[in-house]
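In: Quick check, what structure comes out for this input:
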Amino acid sequence: LSNVLFVPRHLLVSPILMHTYVYTVMRNHSNVLFVISHFFVNTILRNICVYIIMKN
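Out: Just a heads-up that it's a prediction; the model follows:
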C-alpha cells in the first residue's frame, strides 16, 4: 500500500506527467476512488510545494 501511495517527485513538478500517470492508473485499475484520492493528494502536495517556494 505504501508503494501505491508513493508519489514520484517529477509528478509534482509536471502537472502533465501527473495527469498522464493518473490516467494510466485509472485505465489499468478502473478504480475511480483511488484515482480521485491520488489526484487530490498530488494537488495538495503540489500546492504546498508552490507555497513553500513562494514563501522563500
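In: biggest helix in this protein by residues?
Out: helix 32-55 (DSSP state H).
In: same for it, what does it pack against?
Out: With contacts taken as 3 or more Cβ pairs under 8 Å, 6 or more residues apart in numbering; DSSP states H and E, helix 32-55 sits against helix 9-13, helix 15-29. Where C-beta positions appear, they are placed from N, C-alpha and C, glycine not excepted.
In: among those, where is the model least confident on average?
Out: With a mean of 58, helix 9-13 has the lowest mean pLDDT of the helices and strands packed on helix 32-55.
In: pLDDT averaged over the longest helix of the chain, what's the number?
Out: For helix 32-55, the per-residue pLDDT averages 81.
In: what comes up buried for it?
Out: Within helix 32-55, the residues that count as buried by 16 or more other Cβ atoms under 10 Å are Val35, His38, Phe39, Asn42, Arg46.
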